[in-house]
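In: The sequence isn't on hand, but the structure is:
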């Protein structure tokens with residue numbers, strides 16, 4: 001039995017919830033430091049944002065596990081995307097919302113998070129099998 005399973009799920013959800021808007025705004029800020037917003041920094045931001053999401057997925061995958069963990073990570077992602085739209089409207093730069101854009105954005109944010117989450121879970125499973133084969137009790 002995993003100790004504090006529900007708490008771990010909530011923490012993983014919070015990490016993804018915070019990382020999703022941070023990847024958009026933080027990725028742009030990191031890419032454009034000292035040079036202003038230009039096509040060069042936009043291209044760099046396209047690579048930094050998914051990297052931040054993969055890292056967030058890795059951390060979430062180390063904290064929680066299973067289908068429930070994957071579900072709460074997905075809920076955190078969708079909630080984070082809603083925050084992005086809210087922040088854009090608050091900044092006076094409304095984002096047009098249509099079904100196609102919503103699907104593309106969900107894939108754009110979801111794929112790196114799922115890759116990070118899956119990588120962490122596979123690494124945890126491999127480490128658990130190695131320790132079990134040595135006679136240790138898996139965590």
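Out: Happy to help now that I have it. Just so we're clear, the structure is a prediction, and the values are computed from it rather than from any experiment. Numbering: from 1, shown residues only.
In: Please count neighbours and contacts with C-alpha atoms only from this point.
Out: Fine.
In: Stretch 61-75: how far from the chain's middle?
Out: A distance of 11 Å separates the centroid of the chain from that of stretch 61-75, by CA atoms, centre = their mean, to the nearest Å.
In: can you check stretch 81-95 too?
Out: Distance, stretch centre to chain centre, for stretch 81-95: 19 Å (CA atoms, centre = their mean).
In: for the record, mean pLDDT for that stretch?
Out: Stretch 81-95 carries an average pLDDT of 87.
In: where does residue 93 fall, helix, sheet strand or coil?
Out: Following DSSP: H, G, I helix; E, B strand; the rest coil, the label given to residue 93 is coil.
In: Please apply the same query to residue 86.
Out: The three-state assignment at residue 86 reads helix, by three-state DSSP.
In: and it, how far is that from residue 63?
Out: 28 Å (CA to CA, to the nearest Å).
In: what about the two, which has more around it?
Out: The neighbour comparison of residue 86 against residue 63 (other CA atoms under 10 Å) goes to residue 63, with 21 against 15.
In: Chain neighbours aside, what residue packs nearest to that one?
Out: Nearest non-adjacent residue to residue 63, counting by CA to CA, 6 or more residues apart in numbering: residue 8, 5.8 Å away.
In: So, low pLDDT: which residues of the chain?
Out: 1-2, 27-38, 40, 42, 132-139 (pLDDT under 70).
In: Try it again at 90.
Out: 1-6, 23-50, 65-67, 85, 87-98, 101-102, 105, 124-139 (pLDDT under 90).
In: What segments of it are helices?
Out: Applying DSSP state H to the chain gives helices spanning 5-31, 39-63, 66-90, 99-133.
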